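**Student:** Sharing a model prediction with you, sequence too.
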Amino acid sequence: MELKNRKSRVARFCPDLASLSASLPPEHINAPPPPLFLHGCCSKVGRACALLVLFFLEAPQTHRTMADPDLDFTTGESGASATYPMQCSALRKNGYVVLKGRPCKIVEMSTSKTGKHGHAKVNLVGIDIFTNKKYEDMCPSTHNMDVPSIKRIDYQLVNINENYMSLMSDNGDIREDLRVPENEVGKEIEAKFEAGEEFMVTVISAMGEECAVATKVLASK
């Protein structure tokens, strides 16, 4: 029906071209027409108009929807954002904040003023939750700072193979993509595993990184 309507529009602009397109086999309707099709057409104006109409004949008219795979409406990873804003004055010690681009746990906070007409500023000291490196920053109390979205999951340790942990979730899924951390927690994990203990490993994730940060006693079933 749509093709028939477009043919009728061609007929209004250029009868000669319409008769030629009507004689084409169906499989050639959407193919680009040879230039000679326009020779002897009604008029120069008709030929110009027909060229425009032929463009619509050649290009299939499709209606895209949100479900079309070629359309990208993605703004980021699905689910919660990696960070969210919080006014600096609302931050608290033992909370989390992004310092120098790293997710940190706040270990020290102090407020100072820069002068008679200055704004109160908050001095922040944080420890990187993955590397334990110390970071410091200063921010006006009324400004926003990024706070990392922190996720914690407890897994049961099943095995350690070439420094990679086999971890089982509550639903029985096994993951083997996390290394034993090279810190005190990692030494604790290895010691408990060598001793034949059954225990849980707490994995923390933030801003695209993951790391085991603690062990827990395996809850009795």
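**Tutor:** The structure has been received and is ready for your questions.

**Student:** does V203 have beta-bridge partners, and which?
**Tutor:** I153, A212 (DSSP bridges).

**Student:** Beyond the helix or strand of the chain with the lowest mean pLDDT, next helix or strand please.
**Tutor:** Lowest by mean pLDDT, DSSP states H and E among the helices and strands of the chain is helix 44-58, with a mean of 47. Where DSSP states H and E defines the elements, the next helix or strand beyond helix 44-58 is strand 83-87.

**Student:** Sheet partners, orientation included, of that following strand?
**Tutor:** Counting by DSSP bridges, strand 83-87 is paired with strand 144-148 (antiparallel).

**Student:** Now tell me what touches the strand it pairs with from outside.
**Tutor:** Defining contact as C-beta atoms under 8 Å, 6 or more residues apart in numbering, one finds that strand 144-148 is touched by 82-88, 91, 95-98, 103, 129, 139, 206-207. Where C-beta positions appear, they are placed from N, C-alpha and C, glycine not excepted.

**Student:** Just the buried ones out of these, please.
**Tutor:** With neighbours counted by 16 or more other C-beta atoms under 10 Å, the contacts of strand 144-148 contain buried members at 82-83, 86, 88, 91, 96-98, 103, 129, 139, 206-207.

**Student:** Tabulate those residues in a markdown table, adding columns for distance to R175 and pLDDT.
**Tutor:** Output for the buried ones among the contacts of strand 144-148, formatted as a markdown table (distance: C-beta to C-beta, whole Å; pLDDT from 0 to 100):
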| residue | distance to R175 | pLDDT |
| --- | --- | --- |
| A82 | 20 | 93 |
| T83 | 24 | 95 |
| M86 | 31 | 96 |
| C88 | 37 | 94 |
| L91 | 33 | 96 |
| Y96 | 24 | 97 |
| V97 | 29 | 97 |
| V98 | 26 | 97 |
| P103 | 21 | 97 |
| I129 | 20 | 95 |
| C139 | 37 | 93 |
| A206 | 17 | 97 |
| M207 | 19 | 96 |
